[in-house]
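> Generate a structure from the sequence data that follows.
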Amino acid sequence: MLLMMAAMIGVATRGAFATEPDAEQVKFFEKEVRPLLAENCFKCHGPQKQKGGLRLDSRAAALRGGESGPAIVPGKPEESLLVEAINYEGLEMPPGGKLADDRRAVLVRWVELGAPWPETGPENAAPAPAQAKGPKITAEDRAFWSFQPLRRPAVPEVAESDWARNPIDRFIAAKLTAEGLTPAPEADRRTLIRRAYFDLWGLPPTPEEVEAFARDEAPDAYERLIDRLLASPRYGERWGRHWLDLVRYAESDGYRQDAYRPDAWRYRDYVIHALNEDRPYDRFVTEQLAGDEIAPGDPEMRAATGFLRLWAYEFNQRDVPGQWSAILNDITDVTGDVFLGLGLGCARCHDHKFDPILQEDYYRLQAFFAPILPRDDLTLASAEEWQEYQEQLASWEAKTATIREQIAAIERPYREQAAGEAIAKFPESMQAILRKPPAERTPREQQLAELAYRQVTYEYERIAEKIKKGKGKEKAAWEALQQQLAAYDGSKPKPPPRVLTVTDVGPIAPPTVIPGDRAQRVIEPGFLTLLDPGPARIVPLPTAPNSTGRRAALARWLTRPDHPLTTRVIVNRLWQYHFGRGLVATPSDFGRLGERPSHPELLDWLASEFVARGWRLKPMHRLIMTSATYRQTALRPSPEVARQKDPENRWLWRMNPRRLEAEPIRDAMLAVSGELDPALGGPSVAASQPRRSIYTKVIRNTHDPLLDAFDAPDGSISTPQRNATTTPLQALLMINGPWTLDRARAFAARLRAEAPDDSGRIILAYRLAFGRPPEPTELAEAIAFLQGQARRIESGTEAEVAGEDGCEPPRPPTSSDEADLAALVDLCHALLNASEFLYID
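Down below sits the predicted model:
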């Protein structure tokens with residue numbers, strides 16, 4: 001009995017895994033779970049400190065638990081204290097603020113899976129911080145495919161030379177031949193134009209555009225179509241959204257407060273403009289990483305460097321140094337994801353388990369960003385505009401000096417009290433920094449003070465509210481002075497538009513050290529040891545004397561023509577967005593946990609061609625889209641053999657049919673209903689407005705139901721590839737959602753205004769929604785439906801059917817004309833729900 005009990009205890013301690021986690025579980029843990037635990041838990045529950053007797057840096061320690069019991073019960077999140085704590089159900093961890101929904105979902109999923117944790121030594125304890133012990137990169141590491149130098153392979157000779165339209169096709173044909181497969185026929189004209197429009201614009205073509213292309217018999221008709229689409233500003237809107245997915249663009253802080261960032265949209269407009277201009281990608285990368293260093297006086301560069309301001313911000317966080325470390329970690333991780341196609345987060349706490357990325361490499365890269373200072377005070381004004389504004393402001397200040405001094409005297413005690421109360425909430429060490437004169441602060445203290453002052457400034461903004469709630473002479477005097485000041489509003493200049501951006505804190509960078517390193521060894525900026533083991537060459541920039549020049553050096557390294565990752569990663573992303581799957585199916589993981597390229601020679605040829613074409617994206621789009629590979633039909637005859645040999649279509653024996661993403665679905669509904677507002681750029685709007693979806697507000701904790709249901713990202717993490725889920729909620733929103741119903745009503749109103757009878761309206765509806773006229777049987781069935789539905793609505797029969805399940809209230813009997821319109825609305829609603837509307841072939 002004792003032996004049985006001991007065995008049971010052993011099983012319970014080891015948890016749900018008697019064997020090592022499989023590869024997918026290891027990948028999930030290393031990419032998602034471990035960085036989350038490291039960032040939010042290890043500081044208080046790690047090797048240096050164990051609050052409540054709890055360690056969370058190993059599976060065994062988490063199972064053992066602390067004073068409150070085991071932190072996790074493998075396979076049972078409902079019984080796990082860790083899950084209770086992150087959900088703020090009694091316990092509240094992390095104490096500074098609740099994790100975002102998607103981050104909590106990661107930990108819940110991990111516990112559901114049995115808390116897989118790959119072994120790393122005794123009790124799977126996390127290793128101590130890496131020290132300088134000589135090279136740790138092996139010959140096998142250096143031989144891995146994605147770290148090999150970029151070379152331009154020869155274009156293969158193939159038997160299917162008549163099919164091939166450009167070199168892409170020869171690479172594809174060679175692989176198809178090797179696999180015993182043949183390519184599909186070319187898609188018809190109507191399919192091609194719809195595919196091209198959604199790929200480059202994210203919108204359906206108009207009936208007139210479809211008919212004109214279908215009738216154009218010129219041999220270069222398709223090429224001219226692609227050129228026209230690429231030349232339109234709609235291209236930047238479509239492909240800008242892809243980029244915003246990658247950089248986790250959002251317009252709010254996240255966390256509990258989730259405050260709105262009113263100027264964040266300027267970065268979005270920068271991206272759209274740069275893509276429309278076909279700015280070379282090496283320049284595009286450099287502007288976002290170091291725009292303030294290469295052109296400090298250029299207002300557009302301030303917007304570009306908004307890339308470094310897209311991190312989430314926890315407003316009420318008292319642990320300001322911890323928050324600043326989390327921000328630098330986030331910037332480092334996203335830089336690796338977006339530009340290198342490597343998940344660096346695993347190297348934050350130890351040398352990467354799978355890829356040749358040392359822990360020291362992680363902090364060498366982070367050192368490039370160590371000097372940044374968030375700036376909310378910079379504007380988009382030119383030097384001349386700023387000078388004019390200053391002169392006008394000085395004139396207004398001179399006129400109002402006495403009034404403002406009197407207002408300041410009333411507000412002074414409130415201001416001092418607000419500052420004192422706000423500062424008192426911080427730990428003593430942070431209070432000491434805030435009380436220091438700015439000139440005496442170190443660069444790091446200046447960064448921390450800037451972050452903390454956001455909370456102090458918030459209290460200042462509430463002073464007017466407190467005075468208004470007061471009584472007596474003080475309130476009356478303050479209000480009278482405010483009225484006097486308002487009389488000068490006509491001469492007060494409007495401030496130039498501001499932008500969320502960064503600069504360096506100064507020419508001297510704060511030191512970067514590895515957390516937990518007792519020696520506190522300073523880590524200098526550098527690159528991945530595997531690719532470039534030496535220190536980074538930081539060149540002082542005459543144009544930016546108050547900057548370190550570090551980020552410009554990082555940009556130069558990333559955009560070297562011979563860099564093995566940067567160009568491979570971006571051309572793979574282009575391929576993925578055109579075909580639904582990249583040549584590397586894991587677009588932000590070119591490491592060992594990612595998939596190998598299906599066509600490695602083609603990937604390298606594209607990357608070298610990209611550099612040869614001046615790092616420009618538009619010529620690459622044209623090259624891909626004019627290939628015979630891209631122009632294949634998705635509906636090929638007799639595909640049984642091909643499906644048996646290649647069920648996932650990795651070798652591209654046909655085109656992949658794809659469901660539209662959330663934004664094109666919404667935008668297409670607005671387009672066919674005639675409501676779409678084509679205005680370009682500007683401040684973001686509510687999703688209820690008929691602007692393109694890229695211009696709607698992206699609030700991290702508040703999502704538009706339709707976009708959310710169809711897998712739009714929320715801006716919390718980099719999203720290199722969207723899910724394409726199928727859920728009941730999608731059907732509910734498309735069938736019963738008020739927004740979709742309103743589009744169906746507008747669609748019907750448009751048909752009535754533009755076509756005189758049922759037949760004409762049905763034909764126009766099909767051409768608008770599907771890019772084609774209805775088949776004769778479809779036309780006959782639709783006419784019969786309109787007539788029968790109108791009779792049912794008018795008689796009340798349809799109302800009884802619709803109301804039986806309570807999904808919508810019964811419609812009252814109406815006039816014949818109203819019944820006809822309601823029937824047409826129902827037909828339009830059905831077309832918007834059709835797969836042909838929601839998918840592209």
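
> Which residue, other than its chain neighbours, is closest to F837?
A769 (5.2 Å; C-beta to C-beta, 6 or more residues apart in numbering). Placement of C-beta: from N, CA and C, glycine included.

> which SSE is the one you found in?
helix 758-770 (DSSP states H and E).

> So what touches that helix?
Helix 758-770 has contacts (C-beta atoms under 8 Å, 6 or more residues apart in numbering) with 204, 206-207, 210, 672, 747, 751-752, 754-755, 772-774, 778-779, 782-783, 786-787, 824, 827-828, 831-832, 834, 836-837.

> got it, and stretch 258-272?
With C-beta under 8 Å, 6+ apart, stretch 258-272 has contacts from 233, 236-237, 240, 243-244, 249-253, 300, 303-304, 306-307, 309-310, 313, 315, 376, 380, 497-500, 680-684, 694-695, 697, 699-702.

> Can I get it in PDB? Just the C-alpha atoms.
The C-alpha coordinates for stretch 258-272 follow below in PDB (Å, rounded to 0.1, in the frame of the first residue of the first chain):
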ATOM      1  CA  ASP A 258      -6.400  51.000 -21.900                       C
ATOM      2  CA  ALA A 259      -6.200  54.700 -22.500                       C
ATOM      3  CA  TYR A 260      -6.700  55.900 -26.100                       C
ATOM      4  CA  ARG A 261      -3.700  57.300 -27.900                       C
ATOM      5  CA  PRO A 262      -5.100  60.100 -30.100                       C
ATOM      6  CA  ASP A 263      -2.000  60.600 -32.200                       C
ATOM      7  CA  ALA A 264      -1.100  56.900 -32.900                       C
ATOM      8  CA  TRP A 265      -2.800  57.000 -36.300                       C
ATOM      9  CA  ARG A 266       0.000  59.100 -37.700                       C
ATOM     10  CA  TYR A 267       2.200  56.000 -37.800                       C
ATOM     11  CA  ARG A 268      -0.500  54.100 -39.700                       C
ATOM     12  CA  ASP A 269      -0.700  56.900 -42.300                       C
ATOM     13  CA  TYR A 270       3.100  56.900 -42.600                       C
ATOM     14  CA  VAL A 271       3.000  53.200 -43.400                       C
ATOM     15  CA  ILE A 272       0.300  53.600 -46.000                       C
END
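
> what distance separates it from the centre of its chain?
13 Å (C-alpha atoms, centre = their mean, to the nearest Å).

> phi, psi of R375?
phi -130, psi 120 (degrees, to the nearest 10).

> count of neighbours near S382?
13 (other C-beta atoms under 10 Å).

> Equivalent analysis for T543, please.
13.

> and if you look at A477?
Neighbours around A477, by other C-beta under 10 Å: 15.

> Is it correct that it falls within a strand?
No: judged by DSSP: H, G, I helix; E, B strand; the rest coil, A477 forms no part of a strand; its state is helix.

> who does whichever helix or strand comes after the helix holding A769 touch, helix- and strand-wise?
Following helix 758-770 in sequence order, the next helix or strand is helix 776-795 (DSSP H and E). Packed against helix 776-795 by the contact rule (3 or more C-beta pairs under 8 Å, 6 or more residues apart in numbering; DSSP states H and E) you find helix 758-770, helix 797-803, helix 816-833.

> which stretch among these comes nearest E223?
With respect to E223, and counting by C-beta to C-beta, the nearest of the helices and strands packed on helix 776-795 is helix 758-770 at 24.4 Å.

> pLDDT averaged over the closest one - what is it?
Helix 758-770 carries an average pLDDT of 98.

> Run the angle between that helix and helix 776-795 for me.
Computed by axes from the mean of the first three to the mean of the last three C-alpha atoms, to 10 degrees, the angle separating helix 758-770 from helix 776-795 equals 110 degrees.

> Give me the neighbour count for A449.
18.

> Contact partners for it?
Contacts of A449 by C-beta under 8 Å, 6+ apart are 433-434, 436, 438, 441.

> Filter the contacts of stretch 258-272 down to the buried ones and express that as a PyMOL selection.
Buried subset of the contacts of stretch 258-272, written as a PyMOL selection, criterion 16 or more other C-beta atoms under 10 Å:
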select buried, resi 236+237+240+243+244+249+250+251+252+253+300+303+304+306+307+309+310+313+315+380+498+499+500+681+684+694+695+697+699+700+701
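
> out of the contacts of stretch 258-272, which are inside helices?
233, 236-237, 240, 243-244, 300, 303-304 (DSSP state H).

> Show which residues not belonging to the helix or strand hosting A432 make contact with it.
Using DSSP H and E, A432 maps to helix 428-435. Contacts of helix 428-435 with the rest of the structure, by C-beta under 8 Å, 6+ apart, involve 318, 320-321, 423-424, 426, 441, 445, 448-449, 452-453, 456.

> between those residues, which is nearest A60?
P321 (29.7 Å).

> pretty sure the closest one contacts L448?
Yes: here P321 reaches L448: they are 6.1 Å apart, a contact under C-beta atoms under 8 Å.

> Compare those two (neighbour count), which wins?
L448 (22 against 16).

> does the more buried one belong to a helix or a strand, and which?
helix 443-460.

> just to revisit the earlier point, what's the neighbour count on the residue nearest to F837?
A769: 22 neighbours (other C-beta under 10 Å).
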